[in-house]
Structures are given as C-alpha cells and as structure tokens.
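A.B. asks: Sequence and predicted structure below; questions after.
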Amino acid sequence: METYRGVVSQWELDHMGHLNIRFYQAMFEAACWQLYGALGLTPGWMRDHGRGMAAVEQHILYRAELGAGALVVVDTEVTEVGDKILRFVHHLRDLEADVEAAVSEFVAVHLDTERRRAVPLPGFVGERVDELGLRPTGTAGRRPGSPAG
C-alpha cells in the first residue's frame with residue numbers, strides 16, 4: 001500500500017549532495033501515520049481512546065542515493081500483527097530511476113497513553129490488514145532486504 005509520496009528538496013541534502021538521513025526518517029515517519037490511519041488507528045481514534053503507537057525497534061538499509069528533485073514513494077507491507085505489536089516494512093523507491101532507495105522495518109507497540117503500558121491492539125487492525133491485502137507471503141521474521149528463506 002502506498003503510504004507516502006513526495007519529492008526531495010534541495011534544502012534536504014547533506015554536504016555530499018545526497019538526501020540527509022534525517023529526511024529519510026521523516027518520510028518513513030509520515031508513512032507510519034498513513035498506515036496507522038488506514039488500519040483505523042487514526043489520530044482522532046487514538047485521542048478518543050487514550051491510545052498511541054510507539055516505535056520500539058527500527059532497522060534501515062540505505063540502498064541508493066537520492067538527490068534534489070527525486071520523485072519518491074513509500075510502499076508499506078505488514079509482516080506481523082501481534083497481540084500488542086505491529087511489525088511492518090516501508091520500501092522507499094526513486095520513481096524515475098526505478099530503484100529501491102531504502103528499506104525500513106519497524107516494530108511498533110500499541111500503548112495506553114495514560115498508563116504508558118502496552119495494551120492489545122483492537123481486533124479491527126488485523127481485519128483491516130487482511131482487507132487491504134497488506135500481508136506479504138514468506139517474509140515474517142526476515143530482516144529488510146534479506147533473501148527469502
């Protein structure tokens with residue numbers, strides 16, 4: 001599922017002339033919120049229910065450099081819906097060059113924002129993952145970019 005679309009701006013480049021890593025992270029963060037919203041965990045729902053999502057683990061592979069003007073898109077797949085966690089992978093692509101520029105795997109925990117403790121994900125999350133066809137086959141438990149077992 002597409003969760004982010006944008007363009008690399010000149011001001012986002014580092015002293016080497018490439019997209020600075022903090023802006024890869026910003027794209028991945030924006031993609032997280034689009035994913036959560038698509039799964040029914042919208043900011044409004046979370047506020048109304050005293051819930052939140054917190055990234056507790058992230059792995060990033062940088063595969064290709066991005067320069068100013070690069071047209072980019074993030075596609076996301078969900079690799080695990082656990083009792084309290086959601087594991088997913090973002091694939092950032094350079095559309096013009098048709099290459100994968102970065103891959104980021106997240107583990108996010110569903111939280112009670114008042115108690116600051118992990119709580120079970122609502123049942124509708126897994127249902128939405130299935131409705132949207134976001135579960136890939138044969139990828140659970142793999143690091144991003146590792147070959148299929």
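C.D. replies: Noted; the coordinates are in hand.
A.B. asks: Which other helices and strands does the top strand by length along the chain contact?
C.D. replies: For the chain, the longest strand by residue count, based on DSSP state E, is strand 99-112. Secondary-structure packing of strand 99-112 (3 or more C-beta pairs under 8 Å, 6 or more residues apart in numbering; DSSP states H and E): helix 21-38, strand 51-62, strand 85-94, strand 117-118. (Each C-beta comes from the backbone N, C-alpha and C, glycine too.)
A.B. asks: Run the chain-centre distance for that strand.
C.D. replies: 4 Å (C-alpha atoms, centre = their mean, to the nearest Å).
A.B. asks: Could you say which of the helices and strands packed on strand 99-112 is packed most deeply?
C.D. replies: When you average the neighbours per residue for each of the helices and strands packed on strand 99-112 (mean count of other C-beta atoms under 10 Å), strand 85-94 leads with a mean of 22.
A.B. asks: could I get that one in CSV with only the CA atoms?
C.D. replies: C-alpha atoms of strand 85-94 as CSV (Å, rounded to 0.1, in the frame of the first residue of the first chain):
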residue,chain,number,x,y,z
ILE,A,85,2.7,-5.1,18.4
LEU,A,86,2.6,-4.3,14.7
ARG,A,87,5.6,-5.1,12.6
PHE,A,88,5.8,-3.6,9.1
VAL,A,89,8.3,-2.7,6.3
HIS,A,90,8.5,0.5,4.4
HIS,A,91,10.1,0.4,0.9
LEU,A,92,11.2,3.9,-0.3
ARG,A,93,11.6,4.0,-4.1
ASP,A,94,13.0,6.5,-6.6
